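**Q** Here is a sequence with its predicted model. Questions after.
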Amino acid sequence: MGRTPPFVPIREYLSSRGFPGYVGYQSDSEVFTHIMHFMRNRLHLGIEYYKHIITPLSDAEMEGHPDRELLVRIKQTCRKLIIDGPNCVMGCLPDGTLFLVQDRKKLRPGVVGGRPGLFAFSSEICGLDAAIPDRDPHADFQPMHLDTAIVRPECQEVTLCNQLQSLPRQR
């Protein structure tokens with residue numbers, strides 16, 4: 001018998017939520033997509049919360065965090081959605097927002113770079129060199145395990161969110 005793929009418990013949890021679109025699951029890629037959908041449409045949380053669901057802070061890291069109470073609730077509520085990498089997730093939301101996150105193991109690289117009006121995400125800096133050669137490479141950013149890199153649809157800058165910082169207030 002083969003080993004159970006690591007996304008199976010997440011698939012089972014999401015499938016039990018009653019949303020008919022949570023199907024497929026040939027790889028962890030669908031899991032990341034469905035977790036994002038669940039977070040945004042069921043929990044009504046913004047992209048800044050994604051890392052807190054898939055790779056939450058440790059209890060020690062949460063001590064003294066300005067949003068500790070909320071983060072503890074998110075971690076408890078979404079514990080079945082925690083991903084144990086190594087993973088680098090690059091995604092695009094329906095509104096055109098791009099994002100990039102890494103997990104603690106950070107064995108799969110990811111980098112974001114560009115200039116106002118044109119940004120790219122790549123698994124290697126050479127990919128950015130090929131896509132946007134006329135950017136300032138000193139401004140390229142490789143997110144670490146606590147970071148989320150976000151490029152909004154206006155494509156003017158990279159917004160960096162760090163899990164140790166305060167969270168934005170939700171609607």
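**A** On my side now, so go ahead.
**Q** any weak-confidence spans in this protein?
**A** Along the chain, segments meeting pLDDT under 70 span 1-6, 24-25, 106-108, 169-171.
**Q** any idea how far the residue nearest the centre of the chain lies from Met90?
**A** Geometric centre of the chain, nearest residue: Val101, 4.3 Å, by Cα atoms, centre = their mean. Noted for Val101: a distance of 8 Å to Met90, by Cβ to Cβ, to the nearest Å. C-beta here means a position set from N, CA and C on the backbone, and glycine is covered the same way.
**Q** for Leu81, same thing?
**A** In terms of Cβ to Cβ, Leu81 sits 19 Å off from Met90.
**Q** more neighbours, those two?
**A** The residue with more neighbours, out of Leu81 and Met90, is Leu81; 20 against 16, by other Cβ atoms under 10 Å.
**Q** any chance you could map the strands in this structure?
**A** Assigned strands in the chain, in chain order: 88-92, 98-102, 111-115, 118-122, 147-151, 158-162 (criterion: DSSP state E).
**Q** For those, state which one has the densest average packing.
**A** Comparing the strands of the chain by mean neighbour count (mean count of other Cβ atoms under 10 Å), strand 98-102 ranks first with a mean of 23.
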